Structures are given as C-alpha cells and as structure tokens.
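Undergrad: Here's a sequence, model it:
(one chain, ligands or ions: 2)
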Amino acid sequence: MIELNDDKCMHCGACVGACPANAIYLNEVILDFNDDCTDCGLCVRACPVGALSLIRTRGLKVPAATA
Ligand code: SF4
Ligand code: SF4
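TA: Ligands and ions are numbered 1, 2, ... in the order given. Model (predicted):
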C-alpha cells in the first residue's frame, strides 16, 4: 500500500503517469489510490519530492494469540 505525505506533494502528476495499473487519481484537491494498486513501487520512484512511500503489508505474519 502507498502512503502519501500531503505536505510534500505538489500535485505534479508524475506518479499518475508512472503507474502501470492506473491506480492513482489526481485532481486539484486530492491524490488518491484505488484497489488496483499492485505495490510495484514505480510511483514512489517517479515522485520528484519523495512524497510517496511503499508500506509492505502483504505477507506479514500476525503473531498467534497467547493464552
Ligand atoms: S505502487 Fe505501482 S500500482 Fe501502486 S499506485 Fe504506485 S505505480 Fe501504481
Ligand atoms: S509525483 Fe509526488 S509530488 Fe507529484 S503528484 Fe505524485 S506524489 Fe505528488
């Protein structure tokens, strides 16, 4: 999943153009992501100001509850 730092984003659209899954939406107010995101990380590399980061949430093991 992608995390956006709103304070850094300047709405340049570079990440939108870099996304092969068309998972990023940008308008004058918001930048948002849909469920088509494959966590490929291309948008993170495309962002010139480092506003995006990839958070790995898949494959994490949930610790078993201890009694
Ligand atoms: S991680 Fe890949 S698929 Fe997901 S929004 Fe960024 S470029 Fe698109
Ligand atoms: S590339 Fe970075 S600065 Fe540009 S719209 Fe995307 S997140 Fe914002």
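
Undergrad: So which residues on this structure come close to ligand 2?
TA: 4, 9-15, 26, 31, 46-47, 49, 51-52 (CB under 6 Å from any ligand atom). Heads up, the C-betas are built off the backbone N, CA and C, glycines and all.

Undergrad: So which bits of the helix or strand of the chain with the lowest mean pLDDT are buried?
TA: Across the helices and strands of the chain, mean pLDDT, DSSP states H and E gives its lowest value to strand 31-33, namely a mean of 89. Under the neighbour-count criterion of 16 or more other CB atoms under 10 Å, strand 31-33 has Leu31, Phe33 buried.

Undergrad: Quick check: can you name the pairing partners of that strand and their directions?
TA: Strand 31-33 has the following strand partners under DSSP bridges: strand 24-26 (antiparallel).

Undergrad: check whether the strand it pairs with contacts ligand 1.
TA: Yes - in terms of CB under 6 Å from any ligand atom, part of strand 24-26 sits within range of ligand 1, namely Ile24.

Undergrad: Check for me that Val44 belongs to a helix.
TA: Yes - membership of Val44 in a helix is supported by DSSP: H, G, I helix; E, B strand; the rest coil.

Undergrad: okay but Glu3 is in contact with Arg56, surely?
TA: No - look at Glu3 against Arg56 with CB atoms under 8 Å: they stay out of range, at 11.1 Å.

Undergrad: Check the gap between Cys43 and Ser53 for me.
TA: The span separating Cys43 from Ser53 equals 10 Å under the rule CB to CB, to the nearest Å.

Undergrad: Tell me which of the two has more neighbours.
TA: Between Cys43 and Ser53, counting by other CB atoms under 10 Å, Cys43 is the more crowded of the two (25 against 13).

Undergrad: Find the nearest non-adjacent residue to the more buried one, please.
TA: Leaving aside its chain neighbours, Cys43 sits nearest to Cys15 (3.8 Å; criterion: CB to CB, 6 or more residues apart in numbering).
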